[in-house]
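Enquirer: This is a predicted model, with the sequence first.
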Amino acid sequence: MQDFAGRVAAITGAGAGMGRAHALLLAERGAAIVVQDIVADAAQATAEQVRAAGGTAHVAVCDVADRAAIMHALQAAERALGSIDVLVNNAGIGGEPTLEETTEADFDRTFAVHVKGSFFATQAVVPGMKQRRRGKIVNISSIWGMVGHHYASPYCGAKAALLGLTKAWARELAPWNIHVNAVAPGGVLTEMVLGQPDIEKRMAGKVARVPLGRYAESREISYAVAFLASSAADFITGQVLSPNGGEVIVGI
Amino acid sequence: MTSSLAGRVAIITGAGSGMGRAHAVKLASLGARVVVQDIDKDGAAETVRRITEDGGQALAVVSDIADCATHAPMAASAASAFGRIDILVNNAGIGLDRPLEAIDEAALDRMLGVHVKGTFFATQAVLPYLKRVGAGRIVNVSSRWAMAGHHLASDYIAAKGAILGLTKAWAKELAPHAITVNALAPGGVWSAMVLQTIGEAGVREEASQVPLQRWAQPEELAETVAFLVSDEASFITGQVIAPNGGKTVVGF
C-alpha cells in the first residue's frame, strides 16, 4: 500500500494524538511528511517516528494561528520536500467553557487555531496545487461541529466553521481538480481526551451512548483521512465523513 | 488502498453489470470470495468469468431481488459454497426517468420492490450469517438524487430515500453485533443504464454541471465500497458517503 509514493503530505498539529497518527499512517503509505506543531519536541518526536519507520519527515514548528508563521513554514517545507500534495488541517485545541465562562481571549484563540489556522495553511498550499491541477485537503471537524454540545460552544462553532470552509472550497477549487473533504470524528482516545477531569465517568457515559459501544483509536480516524486523501476518493469532494460509531447520524 | 479481504465472503446484488459488477470485481481483487446476484443470467456469468479469470472465486445466483422467496436460498447458496457471509452490498436497482403521471401502480410497486423490499429482505436473510462472523458489513446503494431530488423519477428517488432510512435504522439496531451499515450515494456514473436513458450527449451535458466537470467510472465507486467494508472502517456506521464530484453538498 504505497498510495502516496512520491507525494508530500503536511499535517498540522502532528506532534500528538490524531495528528501524529495521520502522519505515521500517510508516511507508511509512502508520503513524505511535513510535521507541523507548536510544540517543538512533540513535532521532533513524530518526525523521528516517521524516520525510524523508513520515511521522510520535515519539521515545521510554529503557531498555526499565526498567519505569517504558518504560511512561511509551509513554504519552507515545500522548498525542502517539494510541493505539498495533501494538506490535513488537524491542529486544534480543546477547552470546554460554558457560554458565560468564555472570555474574548478564549474565543479568539479557539477560532484562530481552528479556523484561521486552517484557512491560511490552505492559502499557502493552494497555489502549488492549482499549478499541478491536483490536490487533497482534509479538514478535521468533529461530531460536535455537526450536532453541538451542551458546553464548549466556541469549539463547536469553530468546528462547524471548518465544515463551511470544506463545502465552499470544494466548489471553489474543483476547477483545479483539488478535492476538499472533512473528517468529523466521534469519540477518540487521545491524550487530550484522557486528560479531562472525571474521565472515567465520562467515558462510561459516552460508551453507553455510542451504538458500537466504544471509543475509536486515533489510527481508525487516520484510515478515513488516508482514504479521502487517496486517489480512491477522486470523485469525492465537499463531503463529511464521520467515524463516530453510530453516535451521530444526521442530514443526508 | 484498503486492507485485504482475504477469507471474507461478500454478496453483491445486481452484480451482473455496471456498478454492481465493479464492486464484485474490486472486492474479489482484494481477496473476498464473491456471490454475484443478478436477474440477468448472462450478466452474472460474465462477472463470475472476469473474477475467476483473475484467479478469484465467485458464484452466480440468478434471481429477482424483489422476490422474497429467493433471499433465503441466496444466503444458503453463499454459505454452502463459501462457509460464511461477511459482507452484503445491496446494489440491485432499476432506473427510469419518468414524470409523476407516467408512474402507474405496477411501476411504483416494482421500483419499491427491487430497491426497498429487495434490500430489506435480502438483509434479513443474510443477517444470521453476519451476526455469526461478528464484524459484518452492509453497504446499501442509494443515490445523489435521494439527497437532492430531481425533476423526474420520483418513484426511484423515494426508493433510494427509503434506503437511507434503512441504513440509519440498521446502523443502530445492528451495532450491538458489531455490524456496520452505511450507504453509498453516487452522483453521475457512466453505466449502460444511464446511456440508455439519456445517451452520451446527455451525460456530457450533465457532467458539465458537476464542479469536478466529469462523471465517475463504476470502478471509482467500488473503491468507496471497498473502504467501507474493510477493517479500516470499523468505527464508521450509519453514514452516507457521496462520491458525486461536488455536485451535491448537503446536511450537517
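Expert: Everything's here; your move.
Enquirer: hmm, what's the outermost residue in chain A?
Expert: A:E100 (28.3 Å; Cα atoms, centre = their mean).
Enquirer: Can you verify that residue is assigned to a helix?
Expert: No - if the criterion is DSSP: H, G, I helix; E, B strand; the rest coil, then A:E100 is coil and not within a helix.
Enquirer: wait, what's in contact with it?
Expert: A:E100 makes contact with no residue, according to Cβ atoms under 8 Å, 6 or more residues apart in numbering or on different chains. All C-beta atoms are positioned from the backbone trio N, CA, C, and that covers glycine.
Enquirer: State the phi and psi torsions of it.
Expert: phi -70, psi -30 (degrees, to the nearest 10).
Enquirer: I'd like to know how far it sits from chain B.
Expert: 27 Å (Cβ to the nearest Cβ, to the nearest Å).
Enquirer: ok, residue 114 - how many residues close by?
Expert: Defaulting to chain A. Taking other Cβ atoms under 10 Å in any protein chain shown as the criterion, the count of residues near A:H114 is 32.
Enquirer: ah, no, chain B please
Expert: With other Cβ under 10 Å as criterion, B:V114 counts 22.
Enquirer: Regarding it, what is its secondary structure?
Expert: helix.
Enquirer: about what we covered before: find me the pLDDT at the residue farthest from the centre of chain A, would you?
Expert: We have a pLDDT of 80 for A:E100.
Enquirer: B:G55 now?
Expert: 96.
Enquirer: how much space between the spatially most distant residue from the centre of chain B and chain A?
Expert: Distance to the chain centre peaks in chain B at B:E101, reaching 28.2 Å (criterion: Cα atoms, centre = their mean). Noted for B:E101: a distance of 27 Å to chain A, by Cβ to the nearest Cβ.
Enquirer: Break down the chain into its helices, ranges please.
Expert: Since no chain was named, I'll use chain A. For chain A, the helices defined by DSSP state H cover A:17-28, A:40-52, A:67-81, A:104-111, A:117-132, A:143-147, A:153-173, A:191-194, A:199-209, A:218-229.
Enquirer: hm, I was asking about chain B
Expert: Assigned by DSSP H, the helices in chain B fall at B:18-29, B:41-53, B:71-82, B:105-112, B:118-133, B:144-148, B:154-174, B:192-207, B:218-229.
Enquirer: Go through these and name the closest to chain A.
Expert: Proximity to chain A, assessed across the helices of chain B by Cβ to the nearest Cβ, is greatest for helix B:218-229 (3.6 Å).
Enquirer: now check that closest one, is it near chain A?
Expert: Yes - for helix B:218-229 and chain A, the contact criterion (Cβ under 8 Å from any Cβ of the partner chain) is met by B:E220, B:L221, B:E223, B:T224, B:A226, B:F227.
Enquirer: Can you pull out the low-pLDDT segments for the stretch 151-252 of chain B?
Expert: Along the stretch 151-252 of chain B, segments meeting pLDDT under 70 span B:251-252.
Enquirer: buried stuff in stretch A:107-126?
Expert: Within stretch A:107-126, the residues that count as buried by 16 or more other Cβ atoms under 10 Å in any protein chain shown are A:109-122, A:124-126.
Enquirer: isn't A:P185 right next to A:S242, touching?
Expert: Yes - A:P185 is within contact range of A:S242, at 7.3 Å (criterion: Cβ atoms under 8 Å).
Enquirer: Settle it for me: which of these two has more neighbours?
Expert: Using other Cβ under 10 Å, the more surrounded residue of A:P185 and A:S242 is A:S242, with 30 against 25.
Enquirer: For that one, which non-adjacent residue is closest in space?
Expert: Leaving aside its sequence neighbours, A:S242 sits nearest to A:A184 (Cβ to Cβ, 6 or more residues apart in numbering or on different chains; 4.2 Å).
Enquirer: Same question for A:A226.
Expert: A:L25 (5.5 Å).
Enquirer: One more: A:M203?
Expert: That would be A:Y215: by Cβ to Cβ, 6+ apart, it lies 7.1 Å from A:M203.
Enquirer: Could you check how far that neighbour is from A:P197?
Expert: Distance, A:Y215 to A:P197, by Cβ to Cβ, to the nearest Å: 17 Å.
Enquirer: what about residue 102, neighbour count?
Expert: Picked chain A for this. Neighbour count for A:T102, taken as other Cβ under 10 Å: 17.
Enquirer: um, chain B though
Expert: B:A102 sits with 11 neighbouring residues when counted by other Cβ under 10 Å.
Enquirer: Next: A:M71.
Expert: Around A:M71 there are 16 residues (other Cβ under 10 Å).
Enquirer: ok, now how distant is it from A:V115?
Expert: Separation of A:M71 from A:V115 (Cβ to Cβ) stands at 15 Å.
Enquirer: How about B:S142?
Expert: 32 Å.
Enquirer: Skipping its backbone neighbours, what lies nearest whichever residue of the stretch 51-200 of chain B sits closest to chain A in space?
Expert: The minimum distance from the stretch 51-200 of chain B to chain A, using Cβ to the nearest Cβ, falls at B:A175 (3.3 Å). Spatial nearest neighbour of B:A175, chain neighbours left out: A:P211 (3.3 Å); criterion: Cβ to Cβ, 6+ apart.
Enquirer: Can you report how many residues lie near that neighbour?
Expert: Neighbour number of A:P211 under other Cβ under 10 Å is 19.
Enquirer: who has more neighbours, A:Y215 and A:P197?
Expert: Shown here are A:Y215 and A:P197; by other Cβ under 10 Å, A:Y215 has more neighbours (20 against 7).
Enquirer: and that one, what is it in contact with?
Expert: A:G187, A:V188, A:L189, A:V193, A:M203, A:K206, A:V207, A:G245.
Enquirer: likewise B:A72?
Expert: B:A72 neighbours (Cβ under 8 Å, 6+ apart): B:A125.
Enquirer: you'd agree A:P175 is up against B:S208?
Expert: No - between A:P175 and B:S208 there is no contact, the gap being 11.9 Å when judged by Cβ under 8 Å.
Enquirer: Which one's more surrounded, these two?
Expert: Remark: of A:P175 and B:S208, A:P175 carries more neighbours, 12 against 9, as counted by other Cβ under 10 Å.
Enquirer: Please name the nearest non-neighbouring residue to A:T102.
Expert: Per Cβ to Cβ, 6+ apart, closest to A:T102 is A:P154, 5.7 Å.
Enquirer: Pick out the residue closest to the middle of the chain.
Expert: No chain was given, so I picked chain A. In chain A, the C-alpha nearest the mean C-alpha coordinate belongs to A:N90, at 2.1 Å (Cα atoms, centre = their mean).
Enquirer: that's the other chain; I wanted chain B
Expert: In chain B, the centroid-proximal residue (Cα atoms, centre = their mean) is B:N91; its distance is 2.2 Å.
Enquirer: so it makes contact with B:A22?
Expert: No - B:N91 is not in contact with B:A22 according to Cβ under 8 Å; the separation is 9.6 Å.
Enquirer: Would you mind naming what in the stretch 51-200 of chain A lies close to chain B?
Expert: A:145-146, A:160, A:163, A:167, A:170-171, A:174-175, A:177, A:179, A:184, A:186.
Enquirer: Report the spatially closest residue to A:M71, excluding sequence-adjacent ones.
Expert: Per Cβ to Cβ, 6+ apart, closest to A:M71 is A:A124, 4.3 Å.
Enquirer: Over to B:V240?
Expert: B:A183 (4.6 Å).
Enquirer: which ones are touching the one you found?
Expert: B:V139, B:N140, B:V141, B:S142, B:I163, B:L164, B:T167, B:Q239, B:V240, B:I241 are the contacts of B:A183 under Cβ under 8 Å, 6+ apart.
Enquirer: Dig out what it forms beta bridges with.
Expert: B:A183 forms beta bridges with B:N140, B:V240, as assigned by DSSP bridges.
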